[in-house]
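Engineer: give me a model of this one.
(one chain, ligands or ions: 1)
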Amino acid sequence: MRTHIAIVGSGIVGAAAAYRLRKKGVAVTIVERADSRGQATAAGAGIICPWVDHDGDDAWYGFAREGARAYPTLLEELAGDGETDPGYARTGALLTADDAAGLDDVAALLRDRSPLAPEMGEVSVPDDPGGLFPPLTKDLAALFVGGAARVDGRGVRDAMLRAAAQRGAMLRTGTAGLDAKGRLSINGEPIGADAVILAAGAWTGELCAPLGHRLSVRPERGQIVHAELPGTDTSGWPIVLPRVGPYLLGFPGSRVVFGATCEEAGFDGRATVGGLSGLLSAGLTVAPGLASATALEIRVGFRPMTGDGRPMIGSLAPGVVVATGLSAYGLTTGPLAGCLAADLAIGEPTTIDLTPFTPLRETDPVS
Ligand SMILES: Cc1cc2nc3c(=O)[nH]c(=O)nc-3n(C[C@H](O)[C@H](O)[C@H](O)COP(=O)(O)OP(=O)(O)OC[C@H]3O[C@@H](n4cnc5c(N)ncnc54)[C@H](O)[C@@H]3O)c2cc1C
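Structural biologist: Down below sits the predicted model:
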């Protein structure tokens, strides 16, 4: 019987695992580095609209769909723990293209998927997309997906961490390491835990090396810009998701987010002139009305990517569970992935077949 689980990483996956375990009465120690710069959860945009992606990969699509579907239950549970505003809102999404033909493929995909995903809500052609997202250029074709939502990654992460801590989870600051037998230490000092969950995002591969596994997990750099439109309530604006190129989304506090670059740059956490210029100019092409917005903040994070693009959730060795590789969908699927990892760590059956996501599978090696 495993009664004490250690979790490496306090991003959305580690936070969800900790919350789940404390709700089940299992002792939890979360380990997070003193410098968590580059954490994907802290940089993520927050789009939850899984029905438009992963055409051709049913396992991944199904997982992302379940991740989005799990949010309302999570929100209820958090509210029961006094966390009433983790930053989630069902705003809908505007899929845009230069002309209507550019939306035919995605419209067909949504039609196919809607019977098994009624939570995607109504899909319609809006009369006036600019009425929903005022800075938008006039001449775009658009489809509105009513069930899409946006979430503040930091908000939901912190709500789960606070709720877990209130229920007794321990958060320790330091760098975690494994030995060849899967035993965990913080800054070299052993932690006596019955099992460990590796929710270390893009760093999970290097963490597993002492076990003799070379996991194909690599970082993909994402740069993202937060801007402000003073005096404008942007909190209910839909996500703008062009079929090609960067996206836009609104948050409370008159914020608008321009996201995001997708770059192979290793763990280079700098914001770059080239990255930002491409992002902002693409955003302004779609929404020229944002040109006068105040530039507030640049965030940079590393998406955890795998060799075959699929998540890695499963046992790697006795007492060692991996939960990473959620790529650009980790704010959608992170709470679900954390819960599944928690169940695996204490030997409970999982509600989803994780065979396609085993970390023991063969994938392309990391570059
Ligand atoms: C710019 C950008 C935009 C995104 N937009 C979206 C979106 O719109 N929708 C969506 O669904 N997803 C989005 N994502 C993806 C999503 O953010 C990630 O998939 C998700 O946050 C990954 O969470 P995680 O917990 O696995 O990893 P992380 O959030 O990276 O957390 C891992 C943690 O582990 C810690 N750690 C690592 N090694 C150690 C160690 N040895 N010891 C102690 N601690 C350690 C790190 O410091 C870090 O805090 C986006 C990502 C980025 C970067």
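Engineer: in stretch 272-292, what's buried?
Structural biologist: Judged by neighbour count (16 or more other C-beta atoms under 10 Å), stretch 272-292 contains these buried residues: 272, 275-276, 279-280, 282-284, 286-287, 289-290. To be clear about C-beta, it is placed using only N, CA and C from the backbone, and glycine gets the same treatment.
Engineer: what parts of the stretch 251-367 of the chain come near the ligand?
Structural biologist: Selection of the stretch 251-367 of the chain residues close to the ligand by C-beta under 6 Å from any ligand atom yields 259-260, 301, 303-304, 324, 326-332, 334.
Engineer: which of those residues lies closest to the ligand?
Structural biologist: Closest approach to the ligand among those (C-beta to the nearest ligand atom): residue 330, at 1.9 Å.
Engineer: the closest one: how many residues sit nearby?
Structural biologist: 25 (other C-beta atoms under 10 Å).
Engineer: again, but for the one 10 residues further on
Structural biologist: The criterion is other C-beta under 10 Å. On that basis, residue 340 has 28 neighbouring residues.
Engineer: what's near enough to touch the closest residue to it other than its chain neighbours?
Structural biologist: The shortest distance from residue 340 to any non-neighbouring residue, by C-beta to C-beta, 6 or more residues apart in numbering, is to residue 350 (5.0 Å). Applying C-beta atoms under 8 Å, 6 or more residues apart in numbering to residue 350 gives the contacts 340, 343-344.
Engineer: gap between the host helix or strand of residue 299 and the chain center?
Structural biologist: Using DSSP states H and E, the element containing residue 299 is strand 294-306. Chain-centre distance of strand 294-306: 12 Å, with C-alpha atoms, centre = their mean, to the nearest Å.
Engineer: ditto for stretch 105-121
Structural biologist: On C-alpha atoms, centre = their mean, the centre of stretch 105-121 falls 21 Å from that of its chain.
Engineer: for that stretch, which residues meet the burial criterion?
Structural biologist: Buried, per 16+ other C-beta under 10 Å, within stretch 105-121: 106, 109-110, 113-114, 117, 119-121.
Engineer: now swap in stretch 256-271 and tell me
Structural biologist: 256-261, 263, 265.
Engineer: who's in contact with the helix or strand where residue 94 lies?
Structural biologist: For residue 94, the enclosing helix or strand under DSSP H and E is strand 93-97. Under the criterion C-beta under 8 Å, 6+ apart, residues 47, 49, 52, 103, 106, 126, 129, 132-133, 136, 140-145, 148, 238-244, 286 lie in contact with strand 93-97.
Engineer: rerun at 7 Å
Structural biologist: 49, 52, 103, 106, 129, 132-133, 140-145, 148, 238-243, 286 (C-beta atoms under 7 Å, 6 or more residues apart in numbering).
Engineer: after it, next one along is what?
Structural biologist: helix 104-113.
Engineer: looking only at pLDDT, what's the mean for that following helix?
Structural biologist: The average of the pLDDT scores along helix 104-113 is 98.
Engineer: got a list of contacts for that helix?
Structural biologist: Counting by C-beta under 7 Å, 6+ apart, 51-52, 55, 95, 120, 123, 143, 145, 243 sit against helix 104-113.
Engineer: try 8 Å this time
Structural biologist: So helix 104-113 is contacted by 51-52, 55, 61, 65, 95, 120, 123, 143, 145, 243 (C-beta under 8 Å, 6+ apart).
Engineer: so of those residues, which ones are in strands?
Structural biologist: In this view, the contacts of helix 104-113 that belong to strands under DSSP state E are 95, 123, 143, 145.
Engineer: in JSON lines, list those along with distance to residue 314.
Structural biologist: Listed next are the ones in strands among the contacts of helix 104-113 as JSON lines, based on distance: C-beta to C-beta, whole Å:
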{"residue": "95", "distance to residue 314": "33"}
{"residue": "123", "distance to residue 314": "34"}
{"residue": "143", "distance to residue 314": "36"}
{"residue": "145", "distance to residue 314": "31"}
